[in-house]
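> next comes the sequence, and after it the predicted model I'd like to discuss.
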Protein chains: 2
Amino acid sequence: MNTDFMTQISFDAAGLVPAIAQQHDTGEVLMMAWMNREAILETLDTGAVCYWSRSRQSLWRKGESSGHTQKIVDFRIDCDGDTILLLVDQKGVACHTGRHNCFFTSLLGREAKIISDIEISPEEMYGKPTDGA
Amino acid sequence: MNTDFMTQISFDAAGLVPAIAQQHDTGEVLMMAWMNREAILETLDTGAVCYWSRSRQSLWRKGESSGHTQKIVDFRIDCDGDTILLLVDQKGVACHTGRHNCFFTSLLGREAKIISDIEISPEEMYGKPTDGA
């Protein structure tokens, strides 16, 4: 398998690179997380976005527990190769709070203002996995 | 001046937080850079986006030399406060290569494919190179 393209990517001292996920058709910025070489290869191989969880120190297959997966549409890097832009097709919602994207807090007025609503309760997302009530 | 809102932001060990710049009306993701407390305060105070340059270790007033500035439209943080999403109005182009945004390289096919053109030559943006021919 060709991994030469990896030389285009500048990983940080921890072997990670930030990855922005953007909904491919609406332009909505959904979230930002981190990837390592393994997460990148899994994402390109399977077509399902996989990050690296810095808190758990393990691969984070997005949506594995909630079902709210991200399908890869394009995989772009920036001009100096140290940031990834993932164009994705988000199933359900991207944020663990049940909002469609993670950027729901504005600080423009120098105090936190919540600008979007919860679409699915976290209990519904992570609670009873397959069979509901 | 109220700086209490800073407690909502999780800075890394170097006192930095990644900031994604998105064109407010088209949804185009322009670039990703880093901010520290000082850059954030200057951005909110002046309305002109200011980053922190990790390579130069100094404030980076975006567009100061090229004139291609970013006006702040909204300043959002994500659910755990460790990423900023700047909605901006980009004057000219965001990328130092003269392209409108920095994410002009696709690696989806496991080799670099350039997907957008240069709009303004770097010479035109920054004037005569200092040491070129």
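Ah, there it is.
> ok, A:G67 - contacts?
A:K91, A:G92, A:M125 (Cβ atoms under 8 Å, 6 or more residues apart in numbering or on different chains). For glycine as for every other residue, the C-beta is placed from the backbone atoms N, C-alpha and C.
> what about it, distance to A:E123?
14 Å (Cβ to Cβ, to the nearest Å).
> next one: A:L59
25 Å.
> between these two, which one's more packed in?
Each of A:L59 and A:E123 has its neighbours counted (other Cβ atoms under 10 Å in any protein chain shown); A:L59 has more, 15 against 9.
> what residues does the helix or strand that one falls within touch?
Here A:L59 sits within strand A:58-61, counting by DSSP states H and E. Outside of strand A:58-61, the residues within contact range by Cβ under 8 Å, 6+ apart are A:A33, A:E38, A:A39, A:E42, A:A48, A:C50, A:Y51, A:W52, A:S53.
> I'd like the next helix or strand past it.
Next element after strand A:58-61 (DSSP H and E): strand A:70-77.
> show residues contacting that next one.
Contacts for strand A:70-77 (Cβ under 8 Å, 6+ apart): A:8-9, A:21, A:24, A:30, A:40, A:43-44, A:47-49, A:62-63, A:83-91, A:94, B:103-108, B:115.
> quick one, which of these are buried?
Neighbour-count burial (16 or more other Cβ atoms under 10 Å in any protein chain shown) applied to the contacts of strand A:70-77 gives A:9, A:21, A:24, A:30, A:40, A:43-44, A:48-49, A:62-63, A:83-88, A:90, A:94, B:103-108.
> avg pLDDT for stretch A:70-79?
Average pLDDT, stretch A:70-79: 98.
> swap that for stretch A:34-45, please
Here stretch A:34-45 scores 98 as its mean pLDDT.
> which parts of it are buried?
A:W34, A:M35, A:N36, A:A39, A:I40, A:L41, A:E42, A:T43, A:L44.
> near chain B, which of these show up?
A:L44 (Cβ under 8 Å from any Cβ of the partner chain).
> nearest to chain B, of the buried residues of stretch A:34-45?
Set against chain B, the nearest of the buried residues of stretch A:34-45 by Cβ to the nearest Cβ is A:L44 (6.8 Å).
> helix, strand or coil for the closest one?
helix (DSSP: H, G, I helix; E, B strand; the rest coil).
> quick one, what contacts A:I40?
Residues counted as contacts of A:I40 (Cβ under 8 Å, 6+ apart) are A:M6, A:I9, A:F75, A:I84.
> return the distance of A:C79 relative to chain B.
According to Cβ to the nearest Cβ, to the nearest Å, A:C79 and chain B sit 5 Å apart.
> and what of A:G47?
When A:G47 is compared with chain B (using Cβ to the nearest Cβ), they lie 10 Å apart.
> likewise A:T97?
In terms of Cβ to the nearest Cβ, A:T97 sits 6 Å off from chain B.
> count the neighbours of the nearest residue to A:A48 once chain neighbours are set aside for me.
Excluding its sequence neighbours, the residue lying closest to A:A48 (Cβ to Cβ, 6 or more residues apart in numbering or on different chains) is A:T69, at 5.6 Å. Look at A:T69: counted by other Cβ under 10 Å, it has 18 neighbours.
> how far away is A:T69 from chain B?
When A:T69 is compared with chain B (using Cβ to the nearest Cβ), they lie 18 Å apart.
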